[in-house]
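>>> Return atomic coordinates for the entry below.
(chains A and B)
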Number of protein chains: 2
Amino acid sequence: MSQRPIVVIAGGGFGGLEAAKALRRADVDVVVLDRENHHCFQPLLYQVATAALSPADVAWPIRSILRHQANATVLMAEVTGVDTRAKRVLTDKGPIAYDHLVLATGSTHSYFGHDEWAENAPGLKRIEDATHIRRRILLAFEQAEATSDEAERRRLLNFVIVGGGPTGVEMAGAIAEIARLTLVRDFRNIDPRKARVVLLEAGPRLLPALPEDLSDYAARALCRMDVDVLTGQAVTACDPGGVTAGGRRIEAATVIWAAGVVASPVARWLDVAADRAGRVEVLGDLSVPGCADVYVIGDAARVVDARGTLVPGLAPAAKQMGTYVGRAIAARVAGEAPPEPFRYRDYGMFATIGRRSAAAVFGGVHLKGLVGWLTWCVAHVYFLIGMRNRFVVAFNWLWDYVTLQRGARLITDVPAPAAPAVAEPERKSVAAR
Amino acid sequence: MSQRPIVVIAGGGFGGLEAAKALRRADVDVVVLDRENHHCFQPLLYQVATAALSPADVAWPIRSILRHQANATVLMAEVTGVDTRAKRVLTDKGPIAYDHLVLATGSTHSYFGHDEWAENAPGLKRIEDATHIRRRILLAFEQAEATSDEAERRRLLNFVIVGGGPTGVEMAGAIAEIARLTLVRDFRNIDPRKARVVLLEAGPRLLPALPEDLSDYAARALCRMDVDVLTGQAVTACDPGGVTAGGRRIEAATVIWAAGVVASPVARWLDVAADRAGRVEVLGDLSVPGCADVYVIGDAARVVDARGTLVPGLAPAAKQMGTYVGRAIAARVAGEAPPEPFRYRDYGMFATIGRRSAAAVFGGVHLKGLVGWLTWCVAHVYFLIGMRNRFVVAFNWLWDYVTLQRGARLITDVPAPAAPAVAEPERKSVAAR
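Numbering: from 1, shown residues only, chains lettered A, B, ... in the order given. Reported below is the predicted structural model:
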């Protein structure tokens, strides 16, 4: 019935949601597609993976976020392609016609051509990844407690994180805290404090996107938490037994991949060129060269903004791009002048390391230690969606901070059969320690 | 090294945990086995299944609960049998020797000989069951929004709960609230309020364990929430399309099983007789006839107490039995006189129906409506393990009560491929409503 233009937004992440919201008052029908029913607050996903928060604390149903926006429809569907000529998005629920299309489908972890490493070294992008990693970490301690094989026990208590960006630094710090603080009194046969946490970075320093003094600070802070920080060590092999990096073999039951991302296959859908990270090079208004009705934003886009800055793959950047394209489409539909080319406003960048320690650049100021950490906490609670989540996350952090406990230490959905049986005499020693 | 007697407790549920705690000061080594790493507060599991709470809010790591009890070891292992002659428990992690054995392995849902119904009609016993049911309920609404087939949409919006005990009543009430309150503004193509919720009970009345006036109250309260309560309707068929009950066919995409439980295979492990519900008939001291060193407690035991009461399969009963056997074993080990035979103290029974409505017998008084509901809320928060969980649950309830929202509406771990594709014209109508 309606003859209003249809704006299809693929992806309910930071970029897609902001694009939808910016079209709130536009005379269009907005359709938001996502393969998940929820928006995930990825900056805190590592806290789900390390048992500090529950999945629902960092996720919120997309249709609930947009429920008061009468011109928005949400559909749980996975994009499989784009027919730019017929102006249709292809999805697993059938094709969907569009007048304007915003592709905000993000990125996934990249194994640099070694996709076979994925099974041994899971990455962290979705809620399921987080609960999977949580299960792996907690099961490693359980199995170490149950085994009587000394070498296997050491392997089970070795944790390797590949990649020294913010996620890698955060995971390494959090696993060290689980081992050194949370689990201290929980086991009888192992001393969790003896767990070894190794952070591997192929480049010369941690947090390469931050200034050098903050990289140094992060490395020192991790060393104080007994994390082995190994820079200049590219991984060359990864198997169920462990990893090889820089010629050195590390036996480890738990390997976590935080080394790199690749854009979702937007370039393939549009049949345009992509850069090495799979990103589509877009024009100043974030539209795709040759397809004025198609915009790519967020992690899937390679954007050099009006000032010549290569826009980083961060949540604030994706949100700014979302708002920009939403407004640009609204202007086009209203017959108004197009906005100035996109400009990225860099408010800062954070990486938390652990209790009372984070590295941040915020408004040009370098923040470390407690001040950086408190700034990080406040910023992340503030940007969470929904008052309930803000409150529950803040409460959980306060609780964990005081008690050293972590509120979500659940092992669920264990798929594989349990560890091999051990002989009776060893078992008996468990009871008769 | 130690020559202290070893008490193995199989199961970290209500009974097993209380048994372990009651042995706190006894001169024994306690080994608690559970296939999960967490104790699950089953009375609130239906709230996880209906998106009101997160799994971690109703579960707590067993080794964390017992971490200050120096004589207790916790092992994540699944019991597969008992060798009563050699005094060993057989587990997937190998055999474990015991001097005293407490079997507190609980029960699971029973399909009364129709195990093939399990896939179409999941039951609710473990955390994974709850997240599975949550996914089914939320996906049904998503798929109803996406389909253009009117009959299929009706089928997707039909929810059938089989079994009119407390779990069935609670699930029916909660699903009705999701449809009538939580989701009202979230969809564009369907009206969630039109969802049909059917509660099937084979017997003549709901909540057969409660007095008749409370059964009537529950049925009336559910009817006010537009739940179709059908008593005297035994299910005779259950398939992916729906159920047949009392000769009537109900097309429904979501069927939830709350109709009956069967004890874990303790009788088979011990090679003793079981009653129809698979329970082992135990002596007055809860030990197994012919095996004075083996006790069965909780849902796995058929206990007629010193007053001739058949002890019901409730959490408080399991806890009382746990405390009793813990003390009985402590007395035996200390060479003291055995305690009097077990007596069940009946403090009451609850079933909540929805906002401001519950049915309860509490200290002999029949409670209904708001008073019953508030009593239910306070009692359940009080009995939760851990201050963090008490606080988070209370906060979530208050939040849900005020906002009508539910904090954990996540669809995760979707296994099957998505719904069949529909033709383009219909899809277009989604956007152009």
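>>> for chain B, what are the nearby residues on the stretch 151-300 of chain A?
A:185, A:186, A:187, A:188, A:189 (C-beta under 8 Å from any C-beta of the partner chain). Every C-beta, even on glycine, is put in place using the N, C-alpha and C of the backbone.
>>> For the second one, give its distance to residue A:143.
If I follow you right, that is residue A:186. 14 Å (C-beta to C-beta, to the nearest Å).
>>> same question, the fourth one
Counting by C-beta to C-beta, the gap from residue A:188 to residue A:143 is 14 Å.
>>> Run through the stretch 1-150 of chain A and note the low-pLDDT ranges.
A:1-2 (pLDDT under 70).
>>> re the thing from before, of the residues of the stretch 151-300 of chain A next to chain B, which qualify as buried by neighbour count?
The neighbour count (16 or more other C-beta atoms under 10 Å in any protein chain shown) marks A:186, A:187, A:188 as buried among these.
>>> what number of residues lie near residue A:338?
Neighbour count for residue A:338, taken as other C-beta atoms under 10 Å in any protein chain shown: 12.
>>> what about it, helix or strand, and which?
Assigned by DSSP states H and E, residue A:338 belongs to no helix or strand.
>>> how about the strands in the stretch 201-350 of chain A?
Assigned by DSSP state E, counting those that start in this stretch, the stretch 201-350 of chain A shows strands spanning A:227-231, A:235-239, A:242-245, A:248-251, A:254-257, A:261-263, A:280-281, A:287-288, A:291-296, A:301-302, A:348-354.
>>> want to try JSON lines for those, with mean neighbour count as columns?
Shown next, in JSON lines, are those (neighbours: other C-beta atoms under 10 Å in any protein chain shown):
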{"stretch": "strand A:227-231", "mean neighbour count": "19"}
{"stretch": "strand A:235-239", "mean neighbour count": "17"}
{"stretch": "strand A:242-245", "mean neighbour count": "20"}
{"stretch": "strand A:248-251", "mean neighbour count": "14"}
{"stretch": "strand A:254-257", "mean neighbour count": "26"}
{"stretch": "strand A:261-263", "mean neighbour count": "21"}
{"stretch": "strand A:280-281", "mean neighbour count": "21"}
{"stretch": "strand A:287-288", "mean neighbour count": "22"}
{"stretch": "strand A:291-296", "mean neighbour count": "22"}
{"stretch": "strand A:301-302", "mean neighbour count": "22"}
{"stretch": "strand A:348-354", "mean neighbour count": "23"}
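>>> Could you break chain A into its assigned domains?
Domains of chain A are assigned by automatic domain parsing as A:6-35+A:77-109+A:261-333, A:115-259.
>>> want to try CSV for these, with distance to residue B:292 as columns?
As requested, the domains of chain A are exported to CSV (distance: least, C-beta to C-beta, whole Å):
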stretch, distance to residue B:292
domain A:6-35+A:77-109+A:261-333, 57
domain A:115-259, 28
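>>> So which of these is nearest residue B:82?
domain A:115-259 (19.3 Å; C-beta to C-beta).
>>> Tell me the span between the first and last residue of that closest one.
With C-alpha to C-alpha, to the nearest Å as the measure, the first residue of domain A:115-259 is 13 Å from its last.
>>> For it, what is the distance to the chain centroid?
Chain-centre distance of domain A:115-259: 16 Å, with C-alpha atoms, centre = their mean, to the nearest Å.
>>> now stretch A:313-333
Counting by C-alpha atoms, centre = their mean, stretch A:313-333 comes out at 21 Å from the chain centroid.
>>> Now it: buried residues?
A:313-330, A:332-333.
>>> Just give me the neighbour total for residue A:398.
11.
>>> Report the contact partners of it.
If a contact means C-beta atoms under 8 Å, 6 or more residues apart in numbering or on different chains, then residue A:398 has no contacts.
>>> Restricted to strands, list the residues of the stretch 151-300 of chain A next to chain B.
Counting by DSSP state E, no part of those is found in strands.
>>> Look over these and name the one with the lowest pLDDT score.
Lowest pLDDT of these: residue A:185, 91.
>>> pretty sure it contacts residue B:69?
No. Assessed by C-beta atoms under 8 Å, residue A:185 is found out of contact with residue B:69, at 10.1 Å.
>>> hang on, residue A:53 is in a helix, isn't it?
No. Assigned with DSSP: H, G, I helix; E, B strand; the rest coil, residue A:53 falls outside any helix and is coil.
>>> Quick one: low-confidence residue ranges for the stretch 151-300 of chain A.
Checking the stretch 151-300 of chain A against pLDDT under 70 turns up nothing.
>>> Do a quick rundown of the helices in it.
For the stretch 151-300 of chain A, the helices defined by DSSP state H, counting those that start in this stretch cover A:166-177, A:212-224, A:266-270.
>>> Present the ones you listed as JSON lines; the columns should include mean neighbour count.
Supplementary listing: the helices of the stretch 151-300 of chain A in JSON lines, determined by neighbours: other C-beta under 10 Å:
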{"stretch": "helix A:166-177", "mean neighbour count": "26"}
{"stretch": "helix A:212-224", "mean neighbour count": "18"}
{"stretch": "helix A:266-270", "mean neighbour count": "21"}
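>>> Of all those helices, which one is nearest residue A:239?
Nearest of the helices of the stretch 151-300 of chain A (C-beta to C-beta): helix A:166-177, 20.0 Å.
>>> Same list, the strands of the stretch 201-350 of chain A, but as TSV with distance to residue B:164 please.
Below are these laid out as TSV (distance: least, C-beta to C-beta, whole Å):
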stretch	distance to residue B:164
strand A:227-231	55
strand A:235-239	53
strand A:242-245	54
strand A:248-251	55
strand A:254-257	46
strand A:261-263	51
strand A:280-281	57
strand A:287-288	58
strand A:291-296	54
strand A:301-302	55
strand A:348-354	50
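>>> of the ones you listed, which approaches residue B:6 most closely?
strand A:254-257 (31.4 Å).
>>> counting contacts, what elements does that closest one pack onto?
helix A:127-146, strand A:158-162 (3 or more C-beta pairs under 8 Å, 6 or more residues apart in numbering or on different chains; DSSP states H and E).
>>> which one of the ones you listed is the most hemmed in?
strand A:158-162 (a mean of 26; mean count of other C-beta atoms under 10 Å in any protein chain shown).
>>> nearest residue to residue A:55 other than its sequence neighbours?
residue A:127 (4.7 Å; C-beta to C-beta, 6 or more residues apart in numbering or on different chains).
>>> Just list the residues touching that neighbour, thanks.
Here residue A:127 is in contact with A:36, A:38, A:40, A:45, A:48, A:55, A:58, A:59, B:410, B:412 (criterion: C-beta under 8 Å, 6+ apart).
>>> which of these tops the neighbour count?
Neighbour tally across these (other C-beta under 10 Å): the maximum, 29 neighbours, falls on residue A:59.
>>> Lovely, talk soon.
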